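*Asks:* Turn this into a structure:
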Amino acid sequence: MSSFFSFLFSASPFFSITLAEGLILLGIVLWAGKLYRERKLESPGFFFPLLAFAVSSITTAFLSLNPEVSMRDTREVFLYLIPPVALMLKGEWLKNGVVYGGGLAAFLGILREFFVKQERLTGFVGHYMTEGGLMMMAFLLVFSLILFEKASLPYFLSLSFITIALALTLTRSSWVGAFLGACYLLYKKKKILLGIFIPLTIVAVLISPSKIRQRALSIFSRTNPTNVERINMWKIGLRMAMVKPIFGIGQNMASRVYPDFNRKGLPPREIPHLHNTYLQLLVERGIVGLGLFLLFVLWAFREIQKKGKSAKTLGALAILIGFLTSGFFEYNFGDSEVKILFLILLTLPFMNKREVNHDKNSAEVKAL
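*Replies:* All right, here's what the predicted structure looks like:
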């Protein structure tokens, strides 16, 4: 498929969810046609537990406390077809879409900050936590490329803009995910680098602008209002999980029933979600849904590990670490833009062998 389509496919989540979903739907149509012609399914192994998770999500919606409300969320299942669709595309251009698309989105978001004063940078996606999740993954991919592929000026420029944008989102969960992912990459490069990176990070936090410094230090505060709210909602969420533990109460239902369980009126009184991917899945999709999600990420981690030590492979592993870590403090798997980019980046390591085989086959055809 064309280089431009591949570039746009991975760059679009930084700019427009409508564009991203439109490209995915077009990609699914083309993939379905290819599957029909060749009668051969090419996909990473982790696609199958992901598909099982999608099926269980539809089942959960039917068994929901309010099936009509939950069924609206089943539109997301087409996103789980991203791995085989992405595998048809050009890996180098998918990578460039994240590096340069993410860098451009970060630069324009920073530029906008000078004209439209915001407390937290939201970028083109309209929400600082979504922007934080996207920038975290872009940061880890570009950082991996610099460490293990080439330290080029365009990569450094992209990394600089992405880092600044990530900082300005003030999204602590994404900061922690980026930090741990970066620690993993530096450990794989040379262990001694960790002894330099960790103190430098501490110094950078201490000398950063006050709003960034205070936000970072608040991670360790027991009295910070948002920390207290998270602890309250997690306690209430655990009680909610006992209502229907096997298949859950249904998608989009946690926010609706939360006030009924928050009888003491603890803050927050109302929630959009439980700010924890694992607890949210347990409450809304039950033990089955959470179990299949964990099977998917563990399968992906193990399978990617076998792909060697390329920049894309190590970057994907770092992104998994960052994504799973930030998921303890944010429902990042429920964010469409973040989910799209996450699945694209997990597929990148599987494209090297496919592209080599494709080039080999093309050469053999020409020789004939």
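*Asks:* excluding its backbone neighbours, what's nearest Ser2?
*Replies:* Distance criterion Cβ to Cβ, 6 or more residues apart in numbering; nearest residue to Ser2, sequence neighbours excluded, is Lys90 at 8.0 Å. C-betas here are computed from N, CA, C, even on glycine.
*Asks:* any low-confidence regions in the protein?
*Replies:* Scanning the chain for pLDDT under 70 picks out the ranges 1, 352-368.
*Asks:* Now with 50, please.
*Replies:* Residue ranges of the chain with pLDDT under 50: 356-368.
*Asks:* secondary structure class for Thr223?
*Replies:* Classification of Thr223 using DSSP: H, G, I helix; E, B strand; the rest coil returns coil.
*Asks:* Actually, Pro267.
*Replies:* Three-state assignment for Pro267 (three-state DSSP): coil.
*Asks:* coming back round to it: wait, the residue nearest to Ser2 sits on Ser6?
*Replies:* Yes - when contacts are counted by Cβ atoms under 8 Å, Lys90 is listed as touching Ser6 (4.3 Å).
*Asks:* which of those two has more neighbours?
*Replies:* Counted by other Cβ atoms under 10 Å, Lys90 and Ser6 do not tie: Ser6 has more neighbours, with 24 against 20.
*Asks:* so where does the more buried one fall, helix or strand?
*Replies:* Element membership of Ser6 [criterion: DSSP states H and E] is helix 3-11.
*Asks:* what comes into contact with that helix?
*Replies:* Residues outside helix 3-11 that contact it (Cβ atoms under 8 Å, 6 or more residues apart in numbering): 19, 23-24, 27, 86, 89-91, 93-98, 100-102, 104-105, 341, 344.
*Asks:* Could you rerun that using 6 Å?
*Replies:* Contacts to helix 3-11, defined as Cβ atoms under 6 Å, 6 or more residues apart in numbering, come from residues Leu23, Leu89, Lys90, Trp93, Leu94, Asn96, Gly97, Val98, Gly101, Ile344.
*Asks:* With stretch 127-145 instead?
*Replies:* By Cβ under 6 Å, 6+ apart, stretch 127-145 touches 14, 98-99, 102, 120, 122-123, 125, 155, 158-159, 162, 165-166, 169, 171, 174, 177-178, 181-182, 185, 311, 314-315, 318-319, 322, 330, 332, 335, 337-338, 341, 345.
*Asks:* Quick check: buried residues in the lengthiest helix in the chain?
*Replies:* Counting by DSSP state H, the longest helix found in the chain is helix 277-305. Neighbour counts over helix 277-305 (16 or more other Cβ atoms under 10 Å) mark 277-286, 288-293, 295-297, 299-301, 303-304 as buried.
*Asks:* just checking, next helix/strand downstream of it?
*Replies:* Per DSSP H and E, helix 277-305 leads on to helix 311-326 as the next helix or strand towards the C-terminus.
*Asks:* what does that next one contact?
*Replies:* 136-137, 140-141, 144-145, 148-149, 173-174, 176-178, 180-181, 184-185, 188, 301, 304, 307, 332, 342, 345-346, 348-349.
*Asks:* Distance from the chain centre to that helix, please.
*Replies:* From the chain centre to the centre of helix 311-326 is a distance of 9 Å (Cα atoms, centre = their mean, to the nearest Å).
*Asks:* That one vs helix 277-305, what angle?
*Replies:* 160 degrees (axes from the mean of the first three to the mean of the last three Cα atoms, to 10 degrees).
*Asks:* Pull the helix or strand following helix 311-326 out as CSV, backbone CA atoms only.
*Replies:* Once the chain leaves helix 311-326, the next helix or strand it forms, by DSSP H and E, is helix 336-347. In CSV, the C-alpha atoms belonging to helix 336-347 read as follows (Å, rounded to 0.1, in the frame of the first residue of the first chain):
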residue,chain,number,x,y,z
SER,A,336,-9.6,5.7,21.1
GLU,A,337,-6.7,7.8,19.9
VAL,A,338,-4.3,6.3,22.4
LYS,A,339,-5.6,2.7,21.7
ILE,A,340,-5.1,3.2,17.9
LEU,A,341,-1.5,4.4,18.2
PHE,A,342,-0.8,1.7,20.8
LEU,A,343,-1.9,-1.1,18.5
ILE,A,344,0.0,0.3,15.5
LEU,A,345,3.2,0.6,17.6
LEU,A,346,2.9,-3.0,18.9
THR,A,347,2.6,-4.2,15.3
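*Asks:* all helices of the stretch 51-200 of the chain, in order?
*Replies:* Assigned by DSSP state H, counting those that start in this stretch, the helices in the stretch 51-200 of the chain fall at 67-71, 82-87, 91-96, 102-115, 128-148, 153-168, 172-189, 192-207.
*Asks:* Quick one: end-to-end distance for stretch 7-15.
*Replies:* End-to-end span of stretch 7-15 (Cα to Cα, to the nearest Å): 13 Å.
*Asks:* sorry, back to before: turn the contacts of helix 3-11 into CSV, including distance to Ser43.
*Replies:* Formatted as CSV, the contacts of helix 3-11 follow (distance: Cβ to Cβ, whole Å):
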residue, distance to Ser43
Leu23, 18
Leu89, 13
Lys90, 17
Trp93, 19
Leu94, 15
Asn96, 23
Gly97, 20
Val98, 20
Gly101, 24
Ile344, 13
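*Asks:* Spatially, which two of the residues you listed are the most separated?
*Replies:* Leu23 and Asn96 (15.4 Å; Cβ to Cβ).
*Asks:* Would you mind telling me which of those two has more residues around it?
*Replies:* Applying other Cβ under 10 Å to Leu23 and Asn96 shows that Leu23 carries more neighbours, namely 21 against 17.
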